[in-house]
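Asker: give me a model of this one.
(one chain, ligands or ions: 1)
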Amino acid sequence: MEQKHPYVIKEQPGTKYYCACGKSQNLPYCDGAHKGSNFHPWKVEVNEEKTVAICSCSRSAKLPFCDGAHKLQE
Ligand code: FES
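Answerer: This is a model prediction of the structure:
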């Protein structure tokens with residue numbers, strides 16, 4: 001189900017794979033549910049602990065990150 005606000009997560013350093021197809025059961029992370037489709041997860045290298053806002057409405061111009069576009073659909 002689409003939510004109207006981004007996923008705000010305090011990430012630890014490492015390689016992150018964020019879902020691009022919307023079918024993951026572990027949003028915002030990829031769980032492999034895209035297999036067989038044309039979607040591929042967003043790969044992001046996190047170099048230091050930081051808080052990220054991951055888009056959940058798919059309207060951001062800066063995917064996989066939120067750019068505030070969800071506010072325009074309310
Ligand atoms: S499960 Fe959605 S991109 Fe992998």
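Asker: quick one: name the residues of this structure near the ligand.
Answerer: For the chain, the contact set with the ligand under C-beta under 6 Å from any ligand atom comprises 19-21, 23-24, 30-34, 39, 41. Bear in mind the C-beta positions are built from the backbone N, C-alpha and C, glycine included.
Asker: top of the residues you listed by number of neighbours, please.
Answerer: Most neighbours among those, by other C-beta atoms under 10 Å: residue 19, with 23 neighbours.
Asker: pretty sure that one contacts residue 32?
Answerer: No - assessed by C-beta atoms under 8 Å, residue 19 is found out of contact with residue 32, at 9.7 Å.
Asker: name the helix or strand for residue 9, please.
Answerer: strand 7-11 (DSSP states H and E).
Asker: can I get the CA coordinates of the helix or strand that that strand is followed by in CSV?
Answerer: On the C-terminal side of strand 7-11, the closest following helix or strand by DSSP H and E is strand 14-18. C-alpha atoms of strand 14-18 as CSV (Å, rounded to 0.1, in the frame of the first residue of the first chain):
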residue,chain,number,x,y,z
GLY,A,14,27.2,-0.3,4.0
THR,A,15,25.6,-1.1,0.7
LYS,A,16,21.8,-0.7,0.7
TYR,A,17,19.3,-1.9,-1.9
TYR,A,18,16.0,0.0,-1.9
